[in-house]
Each structure stands twice: as C-alpha cells, then as structure tokens.
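A.B. asks: got a predicted model here, sequence first, then my questions.
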Amino acid sequence: MARTLGGARSGLAAWWWQRVTAVYLLVFLAAGLGGLLLAPPQDYAQWRAFLAAPWVRVALMLFVVATAVHAYVGVRDVFMDYVPRGGVRTTAFILWAAAVAAFVAWGVVWVTGLGGGVT
C-alpha cells in the first residue's frame with residue numbers, strides 16, 4: 001500500500017523556489033553586468049535616468065523579491081535541519097523572517113524612490 005508523501009511536497013516546493021530564484025538572480029546579474037560593461041552611465045544624471053526606467057524598476061523589484069525568497073528558503077531549511085525543535089528554532093525563524101521582511105521593505109522603498117525627478 002502506498003503511503004502519502006506528507007511533508008515531502010513542501011520540500012519539493014522549497015527546492016523549486018530555490019532553483020527559480022537562483023536562475024532569475026543569475027540572469028539579472030549577468031544582464032546587468034553585461035549592460036554596464038557595454039554602455040556604462042557616465043554621470044549621476046545618466047545613472048538616475050537608467051534606474052528610473054520602468055523596466056529597470058520592475059527588474060530591480062523582482063530582484064529584491066527573488067533575493068528575499070532565495071535567502072529565506074535557504075536559511076529556513078538550514079534552521080529546520082540543524083536547529084533543534086522548540087523555542088530556539090521558533091525564535092530563529094521569527095528573527096530571520098523579520099530580517100527578510102525589513103530587507104524587502106527597504107528594497108521597495110529604494111526602488112519606488114527611483115522614480116523621482118532626475119537631477
């Protein structure tokens with residue numbers, strides 16, 4: 001008689017999230033570095049104009065979210081594997097989730113602030 005997979009599905013989901021976010025981070029960084037090598041902005045105004053472009057802001061927001069998901073899932077799995085159940089693990093989860101949430105909040109504020117006027 002076959003048994004249900006139980007918690008194996010959450011492990012597979014975490015594995016997929018790690019892979020999907022890793023691919024996005026790799027593509028984003030490669031494209032960003034390639035673009036900067038081919039046509040680097042020459043001054044502050046060019047940097048602001050480049051960063052204020054809607055497609056760049058969307059890509060940066062996805063980068064912030066992908067980084068947060070990738071980091072959260074990875075460290076969460078380390079906590080689940082190596083920190084004993086109980087108060088220490090729960091505290092570690094809460095502190096890590098708060099740190100990731102703070103990173104995302106900072107990223108959202110930073111990226112949305114890029115749309116301001118170019119000086």
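C.D. replies: Good, I have the coordinates.

A.B. asks: now do the helices in this structure.
C.D. replies: 8-38, 44-52, 54-82, 87-113 (DSSP state H).

A.B. asks: could you check the angle helix 8-38 makes with the third one?
C.D. replies: Angle between the axes of helix 54-82 and helix 8-38 is 140 degrees (criterion: axes from the mean of the first three to the mean of the last three Cα atoms, to 10 degrees).

A.B. asks: got the buried residues for helix 54-82?
C.D. replies: 56-57, 59-61, 63-64, 66-70, 72-73, 75-76, 80 (16 or more other Cβ atoms under 10 Å). (C-beta placed from N, C-alpha, C; glycine too.)

A.B. asks: check the offset of it from the chain's centre.
C.D. replies: With Cα atoms, centre = their mean, to the nearest Å as the basis, helix 54-82 stands 2 Å off its chain's centre.

A.B. asks: for that helix, name the packing helices and strands.
C.D. replies: Other elements packing on helix 54-82 under the criterion 3 or more Cβ pairs under 8 Å, 6 or more residues apart in numbering; DSSP states H and E are helix 8-38, helix 44-52, helix 87-113.

A.B. asks: just send these back as a markdown table, with mean pLDDT too.
C.D. replies: Shown next, in a markdown table, are those (pLDDT from 0 to 100):
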| stretch | mean pLDDT |
| --- | --- |
| helix 8-38 | 92 |
| helix 44-52 | 90 |
| helix 87-113 | 96 |
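
A.B. asks: let me have these in JSON lines, extended by mean neighbour count.
C.D. replies: Below are the helices and strands packed on helix 54-82 laid out as JSON lines (neighbours: other Cβ atoms under 10 Å):
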{"stretch": "helix 8-38", "mean neighbour count": "12"}
{"stretch": "helix 44-52", "mean neighbour count": "14"}
{"stretch": "helix 87-113", "mean neighbour count": "13"}
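
A.B. asks: now residue 64: closest residue in space, sequence neighbours ignored.
C.D. replies: Closest residue in space to residue 64, ignoring its immediate chain neighbours: residue 107 at 3.2 Å, by Cβ to Cβ, 6 or more residues apart in numbering.
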